[in-house]
Structure formats: structure tokens, C-alpha cells
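Participant: Sequence plus the predicted model coming up.
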Amino acid sequence: MKKTVFAAMSSILVLGAALAGCGGEKAADQAQDKTEQQEKTGPKVLRLNLPSEPPSADPGLIEENIGGAIARATFDGLTRIGEDGKPHESVAEKIDISEDGLTYTFHLRDSKWSNGDPVTAHDFEYAWKRVLDPKLGSTYAYQLYCIKGAEEYNNGKGSVENVGVKALDDKTLQVQLKNPTPYFLELTAFYTYYPVNKKVAEANPNWAMEAQTHVGNGPFKIEQWEHKSKLILVKNENYWDKDAVKLDKIDFSMVDDANTELSMFDHGDLDWAGGPLSALPIDAIPALKESGKMQTRAIAGTYMYKFNTEQPPFTNAKIRKAFAYAIDRKSIIENVTQANQEPAMSLVPPTMAVSSQPYFKDNDVETAKKLLAEGMKELGITKLPPITLSYNTSEGHQKIAQAIQDQWKKAFGVEVKLENKEWKVFLEDMHQGKFQIGRSSWTGDFNDAINFLDLFKYKKGSNNDTNWEHPKYQELLNKSAAEKDPEKRRQILAEAEALFMDEMPAAPIYFYTQSYVKNDNVKGVVLDGLGFVDWKWATIE
């Protein structure tokens, strides 16, 4: 016996197609009306800003929100998160799930790549196994570990033949999971699960880095990419759901200064400034709030500082906790960020919290000093070595770093050097362990606490730059994956988070909000509770 998800939606889509077939003349008239309307008003162009160059537009290699947003615009998954925040069929028109929750069968609709090639189940099988191939070095490979044999293959302990992904034919993809995964259809909407055109990827390893060679299957395609200057997306006429796409073009500037971005908005050169991809200038926030122009929404994300646990003095857990406890989060939110963030005394944000109580007190300098003294004694040192705090270029990151630098000096008498790096260099240095304390953040990829806790499961690879791992922590996360009872699973995850907070490889600072200003005629941009943006349904009225 099988369950079919989204059956009602499938019926509606089929019915809609039938009705469209019956009304060919009406459809032709509507198309003519649209063409005449566009001639009067001009193409619909959304003008936005990227604060930095996307390090990659290859969904298998993307690991940050800017590249993720471009991928979401230029690719489409088996499912897609809809305007209601839930996953819906996309490239898959029907999905069957076995009664034990371990086998998913995706039935694909007719769809094409932007170069005209058909999108097949083989493209998904190729893409997922490519992500898991240790040679690719995808930091997000662990997102596929719920698939049978995936983790073993990615870790070099298993073979690609044992990975539970198989194209049964051009239109049917069968997936075997290791354990029932209630959020799996959210994962298949995530960019690491997007298909890749095998012919294109194998012909040119750098296919995703230039407009001329980039091939996607999404609502838009890359028309122009002047690196570090501009990026232009245009409507993809080969997209299966092109009638839902109202924009003709998305025109991205690339300006890394928040004040300049806001000025461009004020002068009519941008339709939007601020979140989800950039930040409003901190000094402008009070006036924007007072004017009523600024919109703010809470999202499931945590701003944090990661400690390199292989670099002294942060090899010691008590010293890591001391630096975390001595941060005055309330002061930073009130005086620096000023966008109604919530102080974070846990790793997992409130919307998916596994514990009802904070793990420590904000601005607990007294306990911090005690922990520092104990930690230094354990290390056999009487003076802290030089401390460096790294962050990527941003006025906001800089002001937060300066505030915390001052707080640590007052608490411990320590001089902390601040180090500002360009985004791509910053990411590379973090991954290579070339830092002591590094700014970081995480917004959920799907709505479950495991998404935050899994980050720190393994010492090497993925997005764990702290070099911390703990066998008990790994055991708890593995145990949670096999637990079918939701309440028991929550308790296991709470135990894992408590262990993490006791070890403190990263210090949570605040839970995110997104603040932005936009033109009133911009409609239909989907901003979900995880902080993702999707322009598929956007329009300019």
C-alpha cells in the first residue's frame, strides 16, 4: 500500500491543463492581450542588489544564501516551497511514499533545461551522486545522508552503487532512505537536491560560472554575468511552469556597501534594499522604523561566533564558554543591530526549539571570569595569547565585532584584533581553519532542529569550521534519526543541544530578523520563515 502526496494538487493541475486545452482561442487572446499590455508598459524588471559575488551558481557547490537565491531562481527541484511555506510538486508531478516511509517514488512531468534538453530522472540521480562524490568536495553533501548508503559513499567507506537513488526510467526516480525522514520533501526543494545536466557538467567543469555556459531548469536563466559588477536573469521560456512567471528580468547590481544600496533605493535605482540577501545600514534603521517604511520579520536563523577548537586558547571548553557568556546580547540588539532580534542563549531558534529554557544567562560576566580563570589554569597559562576575531566585509558585522571586542576587553582585559575579509576569501579561510574566532550564521534549510544540530556532527567537511566533534553528540544525533516517537526524539535532540552548549564550539549571539524596504509595486516575492527568497511568483504592478 502506498500513500500519494499532493494528490489534490495533482488533480487540480490536470484539470487546469484540460480546461486550458478546451479554451485554446481564449488562451491565444489572453497571450495577445499580454503582448499588447507589455508594449504599453514595457518589460517587468525587478532591480535588486547582491552585496557580494556569488562564489558559485552550481547547486552542488553552493553553501551560502546569495548563491542559494540565484540557484532557486535558475533551477527547480522535485518539489518547491510554495507561497504557503510548504513543499509542493514541481518537476515531480506525483510522489508515492511507501507505508514504512523508506521508499519515495517520484514521477516526473515533461520539462526542459534552459538549453532545450529534456530534464530526466537520470539528471537527478547524476546530480545527487555527484554531490556525494568525495572528489567534488561539496560542503552540503551531508544534507543527503538520510538516503541509504549516501554517508558511507561520501566518507569513502561505501560505493556509489549502494547509494539508494535510481532512475527507473526517464520519468521515474526511486529513492531509498536510511530512516523515515518526515522533512524529506522539504529537502527535495533545497538547492543541493536540484538536478544537474550531466552532458553540460562533464563537458566543462566551470559550466556554472559564466552566463554563456550556465544551464538550469528554473523560472529564470542567466543572461549576463559581469563578475563583481552585475548579474542579469531573464525569464526562462523553457520552464515547465513559465505561465506562473510574471517577471521578464531580474537585474542585480553588486554593491557591498549598505549605505550605497539604500541610497540607490532612495534615488529610484533599486526596487528593494535590505533583507533577505543584504542588510540595511545600521545608522539608518531608527529613521526607517519611525517612517514606517521598514518591514521586519523573524526568521529561523542564528547569528553566532565560531571558535577554532584546534587553536589555543579555544582548545579549552571553559574558555570558549567564558567568551560566550561575557557577550551582552541585549545591548548589541538595542544599540547596534536595532531590528528586534532576540538574544540567543541556544543554538536552535525558537520556531524549532527543543528546549524551553535558555542554557546560560546573557551578559554573565561574573561566571565568565570564573570560567576563564579555571580554563587558563587547565591550560597552564597565566596570560591569554593574542586573540583575533574575523568577519566578512559588512558595516553590520564590523559594528557587532567592535561592540563585542569592547565587551571582552572590559570583562577580561584582553586586546582582540579585528580582521575584515572579502566574502569568498573569508569562507575559504574559515573552511581551512585559518581563524581563531570567526563570524558565522545559519538559517534553517528545513523546519527541524536537526538542521542546526547536524552542522557540528563531524569535525571535517560540511559547514563545521570549528574542528569540534564529540562521540556522545554523534551518538545522540544518530539515535534521534532512528526514533519514530516525536516527543522522545525531541528529548534526544535537547540532550544533544545541552551537550553542545556545554562544549560551546560556537557562541550564539542573536536570532535573526529580516528588515527591508521595497517599492509598493513589487508584489509576490516569497520570503519564507527560514529566510529563503523566491522570485518565481514576483511581479511589478
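Facilitator: Yep, it's here.

Participant: wait, doesn't Tyr104 sit right on Val175?
Facilitator: Yes. Counting by C-beta atoms under 8 Å, Tyr104 touches Val175, with 4.5 Å between them. Glycine gets a C-beta too; all of them are placed from N, C-alpha and C.

Participant: How about Tyr325: what's its closest non-neighbour residue?
Facilitator: Ala368 (4.0 Å; C-beta to C-beta, 6 or more residues apart in numbering).

Participant: Packing partners of the host helix or strand of Thr296?
Facilitator: Per DSSP states H and E: Thr296 is located in strand 295-307. Using 3 or more C-beta pairs under 8 Å, 6 or more residues apart in numbering; DSSP states H and E, the elements in contact with strand 295-307 are helix 317-325, strand 437-443, strand 506-518.

Participant: Apply 7 Å and report the result again.
Facilitator: Secondary-structure packing of strand 295-307 (3 or more C-beta pairs under 7 Å, 6 or more residues apart in numbering; DSSP states H and E): strand 437-443, strand 506-518.

Participant: could I get the ones you listed as CSV with distance to Leu168 and mean neighbour count?
Facilitator: Output for the helices and strands packed on strand 295-307, formatted as CSV (distance: least, C-beta to C-beta, whole Å; neighbours: other C-beta atoms under 10 Å):
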stretch, distance to Leu168, mean neighbour count
strand 437-443, 35, 22
strand 506-518, 41, 23
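
Participant: Who are the contact partners of Pro59?
Facilitator: Going by C-beta atoms under 7 Å, 6 or more residues apart in numbering, Pro59 touches 71, 75, 191-192, 194, 196.

Participant: Tell me how far Arg72 lies from Pro358.
Facilitator: Separation of Arg72 from Pro358 (C-beta to C-beta, to the nearest Å): 33 Å.

Participant: With neighbour numbers in mind, choose between these two.
Facilitator: With neighbours defined as other C-beta atoms under 10 Å, Arg72 and Pro358 compare such that Arg72 has more, 28 against 13.

Participant: Give me the below-cutoff pLDDT ranges for the chain.
Facilitator: Applying pLDDT under 70 to the chain flags residues 1-41, 461-462.

Participant: Kindly recompute the last result at 50.
Facilitator: Flagging of the chain using pLDDT under 50 yields the residue ranges 1-39.

Participant: related to what we said a few turns ago, nearest to Met209, of the helices and strands packed on strand 295-307?
Facilitator: strand 437-443 (24.6 Å; C-beta to C-beta).

Participant: before we move on, the earlier item: check contacts around the residue nearest to Tyr325.
Facilitator: 322, 325-326, 411.

Participant: likewise Leu453?
Facilitator: So Leu453 contacts 348, 477, 493, 496-497, 500 (C-beta under 7 Å, 6+ apart).

Participant: just these now: which is nearest Pro312?
Facilitator: Among the contacts of Leu453, and counting by C-beta to C-beta, the member closest to Pro312 is Phe500, at 21.2 Å.

Participant: May I have the secondary structure class of that closest one?
Facilitator: State at Phe500, reduced to three classes by DSSP: H, G, I helix; E, B strand; the rest coil: helix.

Participant: Show me what secondary structure element comes after the helix or strand hosting Gly375.
Facilitator: Gly375 is part of helix 365-379, with elements assigned from DSSP H and E. Later in the chain than helix 365-379, the nearest helix or strand by DSSP H and E is strand 387-392.

Participant: Tell me, how many residues neighbour Ile404?
Facilitator: When neighbours are counted by other C-beta under 10 Å, Ile404 comes out with 26.

Participant: and if you look at the one 5 residues further on?
Facilitator: If you count neighbours by other C-beta under 10 Å, Lys409 ends up with 12.

Participant: Let the chain start at 22 from now.
Facilitator: All right, first residue 22 from here; so that's Lys430.

Participant: picking up where we left off before, grab the two from the contacts of Leu474 that are most spread out in space.
Facilitator: Checking the contacts of Leu474 with C-beta to C-beta, the most distant pair is Val369 and Leu498, at 12.8 Å.

Participant: More neighbours: which of those two?
Facilitator: Under the criterion of other C-beta under 10 Å, the comparison of Val369 against Leu498 puts Val369 first, with 27 against 17.

Participant: wait, isn't that one in contact with Ser377?
Facilitator: No. Using C-beta atoms under 7 Å, Val369 is not in contact with Ser377; the gap is 11.6 Å.

Participant: Tell me which stretches of the stretch 422-562 of the chain form helices.
Facilitator: All helices of the stretch 422-562 of the chain, identified by DSSP state H, counting those that start in this stretch, fall at 444-452, 471-474, 492-503, 507-524.

Participant: could those be laid out in CSV, adding distance to Trp134?
Facilitator: Listed next are the helices of the stretch 422-562 of the chain as CSV, based on distance: least, C-beta to C-beta, whole Å:
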stretch, distance to Trp134
helix 444-452, 28
helix 471-474, 29
helix 492-503, 34
helix 507-524, 39
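
Participant: how about the closest residue in space to Glu231 that isn't next to it in sequence, secondary structure?
Facilitator: Nearest residue to Glu231, sequence neighbours excluded (C-beta to C-beta, 6+ apart): Trp246, at 6.3 Å. Here Trp246 is strand, with the state taken from three-state DSSP.

Participant: if we can go back for a sec, the helices of the stretch 422-562 of the chain: which one's closest to Asn227?
Facilitator: It's helix 444-452; of the helices of the stretch 422-562 of the chain, that one is closest to Asn227 (C-beta to C-beta) at 15.1 Å.

Participant: what angle do that closest one and strand 316-328 make?
Facilitator: 40 degrees (axes from the mean of the first three to the mean of the last three C-alpha atoms, to 10 degrees).

Participant: I figured Gly177 hits Pro155, correct?
Facilitator: Yes. Between Gly177 and Pro155 there is a contact at 5.5 Å, judged by C-beta under 7 Å.

Participant: who has more neighbours, those two?
Facilitator: Counted by other C-beta under 10 Å, Gly177 and Pro155 do not tie: Pro155 has more neighbours, with 12 against 8.

Participant: check contacts around that one.
Facilitator: Applying C-beta under 7 Å, 6+ apart, the residues contacting Pro155 are 175, 177.
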